[in-house]
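Q: What shape does this take:
(one chain, ligands or ions: 1)
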Amino acid sequence: MVAKIIDGKAVAASLREEVGIAVEHLKQQTGNVLGLAVVLVGEDPASQVYVRNKAKQTKEVGMESFEIRLPADIPEQKLLDEVEKLNHDTKVHGILVQLPLPAHIDETKVINAIDVAKDVDGFHVINSGKLATGQGSAMIPCTPMGCMILLRSVVPDLSGKHAVVLGRSNIVGKPMAQLLLNASCTVTICHSRTQNVQEITRQADIIVAAIGRPEMVTSEWMKPGVVIIDVGINRLPPEHEGEKPRLVGDVAYADACGVAAAITPVPGGVGPMTIACLLANTVKAYAAMQQTEIPENLSKQLG
Ligand code: NDP
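A: This is a model prediction of the structure:
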């Protein structure tokens, strides 16, 4: 078997195009430019790259981008005050606080200080609760949301499929499992304490790997024809001197390609979807504030 490669770059580009159209449409309809604020605390190099990419893509879809850069030693209360300012800023319709935060700051407290209506990362406890219970319309965390769009591009009807999610973080594993359950999959969640994990994954029609362990999931973990969504982003030292570090997923890609029916590459799979979904969530947030619908084409892409 030769796996179909799920092209996250292309799907994300098409989603960003629809977001751009929606932004323009909402501007015509309401007279407002949509605004997304990203708060970055400290100088973590990976976070700086993410924030730069987010700002660039925000502007490309016609939204206003606000970047709030704060020192690593900022007291927690000052950060909470900044979030509160953004909550009241009428030019800001989406707020994202880049994680991880420095150790002296309570991440949960900061996330829950964001206005639920502007919580475009979907990490606020009310949004998690809405996702879990189906009460009202939840803001869905961007990475799992992107995974679902990619998954549906190859498996349009997920009902009854056995999906195994590797990882149980609040950011990826748990909301991913919830979304799969909401799509009527039979869901198994595995984590670092799971016993005989390979026996479980070998029963899966779908594997979503989000463990942060480079190339751990090999073909031995898979039944032929499985669909693989690889969320992992791991940096390995370069193979040869002078080269850049290598980015690999949690799945041994070349090995898996011989067994899986479809697979997301790393890079170029789930990664590009995350920012595209963040932008889509900002459109959703603004439309909800205005009590209007998002354009049908965008709504279709979000599934
Ligand atoms: P976390 O470290 O928060 O969670 C990792 C999870 O994997 C934990 O639940 C852990 O179990 C589980 N785990 C670790 N080792 C094993 C193992 N050997 N077998 C089974 N389960 C294991 O990571 P995140 O969820 O934040 O991220 C996961 C990966 O996804 C990372 O590589 C990260 O870089 C990537 N990522 C990619 C994004 C993208 O945009 N593409 C966005 C976010 C993350 P336990 O709970 O028991 O410790």
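
Q: now the helices: where do they sit in the stretch 151-300 of the chain?
A: Secondary structure of the stretch 151-300 of the chain (DSSP state H, counting those that start in this stretch): helices at 173-182, 197-201, 253-257, 270-289, 296-302.

Q: how about the first one: buried residues?
A: Under the neighbour-count criterion of 16 or more other Cβ atoms under 10 Å, helix 173-182 has Gly173, Lys174, Pro175, Met176, Ala177, Gln178, Leu179, Leu180, Asn182 buried. Quick note: C-beta positions are derived from backbone N, CA and C, even for glycine.

Q: farthest pair in those residues?
A: Within the buried residues of helix 173-182, Gly173 and Asn182 form the most distant pair, 15.1 Å apart (Cβ to Cβ).

Q: so who does Asp73 touch?
A: Neighbour list for Asp73: Pro102, His104 [criterion: Cβ atoms under 8 Å, 6 or more residues apart in numbering].

Q: Ok, Tyr253 next?
A: In this structure, Tyr253 makes contact with Glu215, Asp230, Ile263, Pro265, Val266, judged by Cβ under 8 Å, 6+ apart.

Q: What's the local residue count around the third one?
A: Meaning Ile263. The local packing of Ile263 (other Cβ atoms under 10 Å) involves 25 other residues.

Q: Could you do the first one as well?
A: Here the neighbour count serves as a burial measure; for Glu215 (other Cβ under 10 Å) it reads 19.

Q: Tell me both backbone torsions, phi and psi, for it.
A: The phi and psi values for Glu215, taken as degrees, to the nearest 10, are phi 50, psi 30.

Q: follow-up on the earlier one: from the helices of the stretch 151-300 of the chain, which stretch is densest packed?
A: helix 270-289 (a mean of 24; mean count of other Cβ atoms under 10 Å).

Q: before we move on, the earlier item: minimum distance to Val208: which of the helices of the stretch 151-300 of the chain has it?
A: helix 173-182 (5.4 Å).

Q: Quick check: which ranges of this structure have low pLDDT?
A: Nowhere does the chain drop to pLDDT under 70.

Q: Residue most distant from the centroid, it?
A: Distance from the C-alpha centroid of the chain peaks at Glu241, with 33.0 Å (Cα atoms, centre = their mean).

Q: just the strands in this structure please.
A: With strands called from DSSP state E, the chain shows them at 4-5, 35-41, 64-70, 94-97, 162-166, 186-190, 206-209, 227-230, 234-236, 246-248, 262-263.

Q: would you turn those into TSV with distance to the ligand?
A: Below are these laid out as TSV (distance: least, Cβ to the nearest ligand atom, whole Å):
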stretch	distance to the ligand
strand 4-5	16
strand 35-41	15
strand 64-70	19
strand 94-97	13
strand 162-166	5
strand 186-190	5
strand 206-209	8
strand 227-230	9
strand 234-236	6
strand 246-248	10
strand 262-263	14
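
Q: Any idea which of the ones you listed gets closest to Glu220?
A: Ranking these by proximity to Glu220 (Cβ to Cβ) places strand 206-209 first, at 12.4 Å.

Q: Could you list the paired strands of that closest one along with their orientation?
A: Sheet pairing here is set by DSSP bridges, and for strand 206-209 it gives strand 162-166 (parallel), strand 227-230 (parallel).

Q: Export only the CA atoms of that strand, formatted as PDB.
A: The C-alpha coordinates for strand 206-209 follow below in PDB (Å, rounded to 0.1, in the frame of the first residue of the first chain):
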ATOM      1  CA  ILE A 206      -7.700   6.300  12.600                       C
ATOM      2  CA  ILE A 207      -4.600   7.200  14.700                       C
ATOM      3  CA  VAL A 208      -4.100  10.800  15.900                       C
ATOM      4  CA  ALA A 209      -0.600  11.000  17.400                       C
END
